[in-house]
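Novice: only geometry, no sequence info:
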C-alpha cells in the first residue's frame with residue numbers, strides 16, 4: 001500500500017496520543033516509516049486545498065463566527081527542520097523552538113460545530129509576513145472570496161489591536177466590546 005493524504009489524515013484523527021510517523025508505520029500493513037516520510041516530504045497541503053475539502057460540509061449561519069488563533073507546534077528537540085524558529089508559545093508560557101501556525105475557523109453557534117477553513121504557516125524568512133499579516137490576508141479572503149455569513153470575528157486582543165484592517169473592511173465592520181474568556185481577551189468585529 002502506498003501512503004496517501006486520506007490514510008495519513010485518518011491516522012491523525014484517530015490517534016489519541018502518538019502522532020509519529022513511526023507509530024503510523026507500526027500500525028499500518030505494508031507501509032514503512034521511510035515511505036510515509038517520502039510521501040509527506042512531497043505533499044504540500046495549502047489553505048485553498050483545505051477550503052476545497054471543507055466548503056461543502058460547512059453548515060452556514062448568519063450568527064456564525066470567524067475565529068483567528070495561532071499555535072506553536074513544539075519542536076524543542078528538532079535541529080534540522082526548516083520552519084522551526086524560536087517564538088513565544090502561549091501554551092508553554094515562554095519562548096520555545098517550534099513551527100507557528102495561524103488558523104482561521106468558522107463556527108456555527110447554533111449547531112455548536114466548527115470547521116478549519118484556512119491556515120498559514122508562520123515563516124517570515126520565506127514569505128516575509130508576520131502573523132498579523134496572515135490574519136489580515138485570511139480575513140480579506142473570507143469576506144471577498146469565501147463569502148461566508150458571520151456576525152462576528154473573534155481573535156486575541158493582541159491581534160485586534162495590531163491588525164491593520166484594510167479600509168474596505170473598516171467600512172463594513174467595526175471593533176467592539178472586549179470580552180474576557182479564560183486568560184485571553186477576544187474582540188468582536190461586527191457588521192455596522
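Specialist: Everything's here; your move. Bear in mind the structure is a predicted one, so any value in this text is a computation, not a measurement.

Novice: helix/strand/coil for residue 104?
Specialist: strand (DSSP: H, G, I helix; E, B strand; the rest coil).

Novice: correct me, but it touches residue 67?
Specialist: Yes - in this structure residue 104 lies within contact range of residue 67 using CB atoms under 8 Å: 7.3 Å. Backbone N, C-alpha and C define where each C-beta goes, glycine included.

Novice: of the two, who's got more company?
Specialist: Higher neighbour count among residue 104 and residue 67: residue 104, with 27 against 19, using other CB atoms under 10 Å.

Novice: For the spatially closest residue to that one that is not a sequence neighbour, which three-state class applies?
Specialist: With CB to CB, 6 or more residues apart in numbering as the criterion, residue 104 has its nearest non-adjacent residue at 4.0 Å, and that residue is residue 118. Each residue gets one of three states, and residue 118 gets strand by three-state DSSP.

Novice: ditto for residue 39
Specialist: Residue 39 is classified as helix under three-state DSSP.

Novice: thinking again about what came up before, what number of residues lie near the residue nearest to residue 104?
Specialist: Neighbour tally, residue 118, other CB under 10 Å: 24.

Novice: And for residue 15?
Specialist: 13.

Novice: List the residues that contact it.
Specialist: 23-24 (CB atoms under 8 Å, 6 or more residues apart in numbering).

Novice: hmm, 10 Å instead?
Specialist: For residue 15, the contact set (CB atoms under 10 Å, 6 or more residues apart in numbering) comprises 23-24, 27.
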